[in-house]
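S.K.: A predicted structure for the sequence below; I have some questions about it.
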There are 4 protein chains.
Amino acid sequence: MGNSFGTLFKITTFGESHGPGIGVVIDGCPAKLPISLSEIQTELLRRRPGQSHITTPRDELDQVQILSGIKDNLTLGTPIALLVMNKDQQSKAYDHLKEVYRPSHADYTYSEKFGIRAWEGGGRASARETIGRVAAGAIAKKLLSHAFGVSVLSYVSGIYTLCATVDDNTVQLEDIENNIVRCPDPEKTPLMIQEIEKARKDGESLGGTIRGLARGVPAGWGEPVFDKLKADLAKAMMSIPATMGFQIGSGFSSTTMTGSRHNDAFYMQDNKVRTHTNQSGGIQGGISNGELIYFDVAFKPTATIFKTQETLTTDKKSLQLQAKGRHDPCVLPRAVPIIDAMTALVLADHALRQKVQFL
Amino acid sequence: MGNSFGTLFKITTFGESHGPGIGVVIDGCPAKLPISLSEIQTELLRRRPGQSHITTPRDELDQVQILSGIKDNLTLGTPIALLVMNKDQQSKAYDHLKEVYRPSHADYTYSEKFGIRAWEGGGRASARETIGRVAAGAIAKKLLSHAFGVSVLSYVSGIYTLCATVDDNTVQLEDIENNIVRCPDPEKTPLMIQEIEKARKDGESLGGTIRGLARGVPAGWGEPVFDKLKADLAKAMMSIPATMGFQIGSGFSSTTMTGSRHNDAFYMQDNKVRTHTNQSGGIQGGISNGELIYFDVAFKPTATIFKTQETLTTDKKSLQLQAKGRHDPCVLPRAVPIIDAMTALVLADHALRQKVQFL
Amino acid sequence: MGNSFGTLFKITTFGESHGPGIGVVIDGCPAKLPISLSEIQTELLRRRPGQSHITTPRDELDQVQILSGIKDNLTLGTPIALLVMNKDQQSKAYDHLKEVYRPSHADYTYSEKFGIRAWEGGGRASARETIGRVAAGAIAKKLLSHAFGVSVLSYVSGIYTLCATVDDNTVQLEDIENNIVRCPDPEKTPLMIQEIEKARKDGESLGGTIRGLARGVPAGWGEPVFDKLKADLAKAMMSIPATMGFQIGSGFSSTTMTGSRHNDAFYMQDNKVRTHTNQSGGIQGGISNGELIYFDVAFKPTATIFKTQETLTTDKKSLQLQAKGRHDPCVLPRAVPIIDAMTALVLADHALRQKVQFL
Amino acid sequence: MGNSFGTLFKITTFGESHGPGIGVVIDGCPAKLPISLSEIQTELLRRRPGQSHITTPRDELDQVQILSGIKDNLTLGTPIALLVMNKDQQSKAYDHLKEVYRPSHADYTYSEKFGIRAWEGGGRASARETIGRVAAGAIAKKLLSHAFGVSVLSYVSGIYTLCATVDDNTVQLEDIENNIVRCPDPEKTPLMIQEIEKARKDGESLGGTIRGLARGVPAGWGEPVFDKLKADLAKAMMSIPATMGFQIGSGFSSTTMTGSRHNDAFYMQDNKVRTHTNQSGGIQGGISNGELIYFDVAFKPTATIFKTQETLTTDKKSLQLQAKGRHDPCVLPRAVPIIDAMTALVLADHALRQKVQFL
């Protein structure tokens, strides 16, 4: 269970890291949405390993196939199935980990849950699972832009101790994509790359934060109680591997303000209800208010490192683990398209939900 | 839509602040769980207004009735419906707000969503909606303790700029309940009360943080992908009014650690797999690992204040709003049982889900 | 589980026959639908016992209260909770059945399922559970007529060996309501009443068929695969107590036709696509085609009879059961509003679903 | 929407008749169930076209691939994705139908629903969609037999005016599979084949009935209200293309019995609660009682015939349609494994649901 996300724009992902293939079925995308294979592939290329010298060196092309639901670049209204075959299932590379619980990985918890595990490459816990999300997210993004004028965008806002300064109202996709850390602060970018290269050399890993944005969301999206927009975004983000925290708008910093400082005063601008400040992050009472939606996601330093670590074998013996090979010292640049995808999936779902709210 | 939560232990809440009643239906509670009316009422008393001089002065008794699903203090396996009638529907107190969008309230967004609103007392956006959650949470808590040996507990860990120091491994319910701020740090408690009293005098409001704990959760609860335990907890917490952020384990602070510092080394203790540190907050790969589950929830200062504020009327005219009456300057003490309830609802759901994972 | 029905227009029922109350929560009704308490009460009066000398003599007023979701005769877009308190919980009348498994009742199967049972009056298996359905159905009916121009109607088409002759295109509600068997064939009506009176005298019970109709459903409602309109109607009808069969359009009689005889030829009439015949019952490929929707539901003779029957006690001893009291020898007249309600609930759900199918 | 079925053992099918592939994702199958590719392929071979001279002559091998969720012939507890590529997408064969609404097909209703259609071969309305169901059903069957000792079986019980006589308590799979009509009545079988051959020669089609059986279901499966076992079976069966009716146990014939004749008297046999008769079809109050579950499904004569028919073009002009080619004059033999699959899917779901009913 738990492999589906969304209520009206609903996706189900499948696939183990080292099984035959990885994919997604989207049920609920309206008919007649224009979408091409290359629009989907473009997002997958942003996610794939091996795209720069600071990410994992595994070069996976991740070529997506459309199995159903799209014909002549139009959605049919039927389930859209997208598949990426795993071209290179080198389970052997993981042979030395078969009987080890790697610290802070899902090895132990999966064993306890399922009584079995597809241990090669982490199985279903692998970041490869997010391929299905990113592919589905490409369609959600298109639905949002095509039918609702909404765009989503995210960027690396911090790596380790380095924090970027960015104007969320003006930042554009090209500012994010023009550098390999996907951070639109040109001063911090080289320092971040330096830190990542150092971490790789040290066999270490680094975490950081990603800021997510959604522009053009009209007032009225989101549900009042459990499916508040902030709640669904929180779940979406915290379902991504390695995430440790989520905050909307002023987030944790709101706790040290008083109400009069924090409240967003309303005013009219060009016949539109606006707020002077946007501590609410575009969401009030769980429902969008028409302002910019912004939020932050915290990623821990990933668990794969090449320092010696104390751990246990699957038969519960103590072990000094010294992993080897090459690794991805900082997943944040590649996580940016995943944040985009999850944001788009949440918003596409609520866009459709709002269509049945009125008579 | 969006008024249900959970998959196997599933609740649906209903009721407007100033409508006839507020309640919840629980579908999926197993049969033969011992539960009494007073166990449910006890949790509601922890949530109710008027319980101390620092909360809202409205004195609402919130007497719960069992409409179905429980007989002779045993669950029947059928839907459990719980109802609290709203004894005192003084809509008049809100007359002066009928045509105003209060800043950072849900007034404007609800109007945009529904094209209509039950404006008295915030309607469905009111904190009274959480009565249903707390009542259902009492049953979830009992299910967890009775059938799985799991307990949940939460406390105020910070108010405004004051942070508590607490040992999460030893703190007990009585340490939390023995003071009106529900903070188990006896040094900070009087300072917190002072700050809240000052805020009330100033017509201001204060936010803060609550720490949530779950003890005794066995390894293996939670689903690998979208319904990760951390994701479901995040959604649960971010669905509570006034929440702005959620973090599990090391949370946002993980971003400034390296992997070797952050990883939780495994070892054996008394024939049980343990970790030396618990940065993961008891959850790895989205699944419980048997360690203490802990997380933090950020609450903004609530939107109701008595300072003059710029805002708009419902016909989009500018207005200087000067609210009057008495208010709840800090909702955190009363939010503690809500956090308990939502934690219990998430865990009860996953406890049942794990029962169908194995043959 | 299993106490909810529908996806977008979703209801959850609760309540045992002899518990404090019976009710329903509707989540997903759009805002601003005009609906009054009396419109709901009217449908309940059609369902209630004691309305004529041929039904059960228990006179239950079944006064409905609106707990939430409706204000000033308009829906708010929030969950609508409706409650009927059980005024007279005479469990004693069932004392002699406490330790008996009545033949063809749910007594034995409930015990096996839950390990416990609310035995008085059948608990959740009681026909009283349908109060929630009928109350919710009244709102679904109003949604269909108000927003989509769709009306639902059903009538008793057969009792025991007596079959009615009715023109489905012209029959009106008053033709059905003007007689106590709810059969619009004035020749068969007195014969049916005779049979029911005889059955009562004999301590027997009778079954029969109800025909369900939906007029004005536009082409395009229903989903292609699992949620075909005929499939959702089948489930809705077969979820009613005492139902044994469902057929759409030509139904079982289609099996003895050839394809050329059974196919419905298309033609144009007044610029509308029509079919000359309507063997399909208004549904092709699971989706409405704009013709009259019609179907049949078979009801067994109900299990409560006053003849001596062989059965078992709850401790598995043989017993000759001789039930006593007064009973409802034929539930079909009272089942008519339940069929109406379930038809309306299915169609209201698909009406909303079709709204998100297009961009 | 509407492409998923089940709650705990949940499937989602995808694929158009003439798109790249057809498949299914199963979410909720417990881990460690032994299942091989050949067990799945065997069921698909029973369903595939071209298996005998009386079915459609299209020879489709329908080779299934496992994409995820199974490794070394054991389920992993993760989603199981199964794919059959469409080897031969001869859209041209359908060119002459591109602008025609075939009578009693889904052509017109799909156009109205989606505003677009994948017209080749019926797109999603094609019987090829059932490939995903049969593949998933193979796994459900294995789960039932392996973990619960339950077996499902179905057979052709009538074709056109010919009805079979079969002993449901003793009939075995080999009695069904030893003849090309899948009818275990050796006297009727040759007559049925004759009728089908005649229909083919005449360009006609024939309908009929299939009886479904489930043996070994313990008492207690099924939910009391909406998800009654009979209701879920009804939906499952009525979601199959060309079905027109469903009845459980005595079905429509129950309407002409009195209660005393229809009630199933309880008695003890070998320490097991049994009933002397089984009019209930193994289900009472919506819940299994431990007796044989049996039901009937009515299939209309399929819509594809080669007689001249009046119809409309997609631009609403009248047309005398004379279809050509070869067709499947009677789909019932190939529908048998589909009935098996849907029965197994319903029961597997309820088997898992019953596991969370008790503490």
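M.R.: Yep, that arrived. Residues are numbered from 1 along each chain as shown, chains lettered A, B, ... in the order given.

S.K.: Name the SS class of A:Lys307, please.
M.R.: Assigned by DSSP: H, G, I helix; E, B strand; the rest coil, the conformation of A:Lys307 is coil.

S.K.: Tell me how far the residue of the stretch 51-200 of chain A found nearest chain B lies from B:Phe246.
M.R.: The minimum distance from the stretch 51-200 of chain A to chain B, using Cβ to the nearest Cβ, falls at A:Ala106 (2.3 Å). The way it works is simple: take the backbone N, C-alpha and C, and place the C-beta from them, glycine included. Going from A:Ala106 to B:Phe246 by Cβ to Cβ, to the nearest Å gives 20 Å.

S.K.: show me where the stretch 201-350 of chain A has strands.
M.R.: A:208-215, A:243-248, A:266-269, A:272-275, A:283-284, A:287-288, A:293-299, A:309-313, A:318-321 (DSSP state E, counting those that start in this stretch).

S.K.: Which of those sits closest to A:Ile54?
M.R.: strand A:208-215 (12.6 Å; Cβ to Cβ).

S.K.: ok, back up a step: if you count surrounding residues, which of A:Ala106 and B:Phe246 has more?
M.R.: B:Phe246 (33 against 26; other Cβ atoms under 10 Å in any protein chain shown).

S.K.: How about the contacts made by that one?
M.R.: The neighbours of B:Phe246, taking Cβ atoms under 8 Å, 6 or more residues apart in numbering or on different chains as the test, are A:234, A:238, A:245-247, B:233-234, B:237-238, B:295-298.

S.K.: what about A:Arg326, how many neighbours?
M.R.: A:Arg326 is flanked by 11 other residues according to other Cβ under 10 Å.

S.K.: if I look at it, how far off is A:Gly50?
M.R.: Using Cβ to Cβ, A:Arg326 is found at 11 Å from A:Gly50.

S.K.: Show me which residues of the stretch 101-250 of chain A are close to chain D?
M.R.: A:113-118, A:123-124 (Cβ under 8 Å from any Cβ of the partner chain).

S.K.: tell me the pLDDT at the nearest residue to A:Ile11 once chain neighbours are set aside?
M.R.: The spatially closest residue to A:Ile11, leaving aside those adjacent along the chain, is A:Ala136, at 4.4 Å (Cβ to Cβ, 6 or more residues apart in numbering or on different chains). At A:Ala136 the predicted local confidence, pLDDT, stands at 98.

S.K.: A:Ala136 touches A:Val24, doesn't it?
M.R.: Yes: the pair formed by A:Ala136 and A:Val24 meets the contact definition of Cβ atoms under 8 Å, at 4.7 Å.

S.K.: Tell me the confidence at A:Leu44?
M.R.: For A:Leu44, pLDDT reads 95.

S.K.: typo on my end, A:Thr56
M.R.: Listed pLDDT for A:Thr56 reads 66.

S.K.: which residues does A:Met238 contact?
M.R.: By Cβ under 8 Å, 6+ apart, A:Met238 lies in contact with A:246, B:228, B:230-231, B:233-235, B:246, B:248.

S.K.: mind running it again at 6 Å?
M.R.: A:246, B:230-231, B:234 (Cβ atoms under 6 Å, 6 or more residues apart in numbering or on different chains).

S.K.: With adjacent residues omitted, what lies nearest to A:Ser151?
M.R.: Excluding its sequence neighbours, the residue lying closest to A:Ser151 (Cβ to Cβ, 6+ apart) is A:Arg215, at 5.1 Å.

S.K.: Is that neighbour in contact with A:Val152, as I believe?
M.R.: No: taking contacts as Cβ atoms under 6 Å, A:Arg215 lies outside contact range of A:Val152: 7.8 Å.

S.K.: neighbour count winner among those two?
M.R.: In this view A:Arg215 and A:Val152 are compared by other Cβ under 10 Å, and A:Val152 has more residues nearby, 26 against 16.

S.K.: Against D:Pro337, how distant is A:Ala265?
M.R.: 66 Å.

S.K.: Looking only at neighbour counts, state which of those two leads.
M.R.: Counted by other Cβ under 10 Å, A:Ala265 and D:Pro337 do not tie: D:Pro337 has more neighbours, with 24 against 16.

S.K.: hmm, back to that, quick check: of the contacts of A:Met238, which lies closest to B:Phe14?
M.R.: Set against B:Phe14, the nearest of these by Cβ to Cβ is B:Ala234 (24.3 Å).

S.K.: show me the contacts for the closest one.
M.R.: B:Ala234 neighbours (Cβ under 6 Å, 6+ apart): A:234-235, A:238, A:246, B:246.

S.K.: Could you do A:Ile287 as well?
M.R.: By Cβ under 6 Å, 6+ apart, the neighbours of A:Ile287 are A:222, B:109, B:113.

S.K.: near chain C, which residues of the stretch 1-150 of chain A show up?
M.R.: Residues of the stretch 1-150 of chain A lying close to chain C by Cβ under 6 Å from any Cβ of the partner chain are A:8, A:30, A:32, A:147.

S.K.: Can you pull the phi/psi pair for the third one?
M.R.: Translated: A:Lys32. A:Lys32 adopts backbone torsions of phi 70, psi 20, taken as degrees, to the nearest 10.

S.K.: neighbours of it, just the number please.
M.R.: Neighbour count of A:Lys32, defined by other Cβ under 10 Å: 17.

S.K.: residue of the stretch 151-300 of chain A with the smallest distance to chain B?
M.R.: Ranked by Cβ to the nearest Cβ, the top residue of the stretch 151-300 of chain A for proximity to chain B is A:Gly285, at 2.3 Å.

S.K.: quick one: the helices in chain A?
M.R.: Applying DSSP state H to chain A gives helices spanning A:37-47, A:107-114, A:130-143, A:173-177, A:188-202, A:229-238, A:259-262, A:332-355.

S.K.: could you dump those helices to CSV with distance to D:Asp175?
M.R.: Output for the helices of chain A, formatted as CSV (distance: least, Cβ to Cβ, whole Å):
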stretch, distance to D:Asp175
helix A:37-47, 49
helix A:107-114, 39
helix A:130-143, 44
helix A:173-177, 65
helix A:188-202, 67
helix A:229-238, 52
helix A:259-262, 76
helix A:332-355, 50
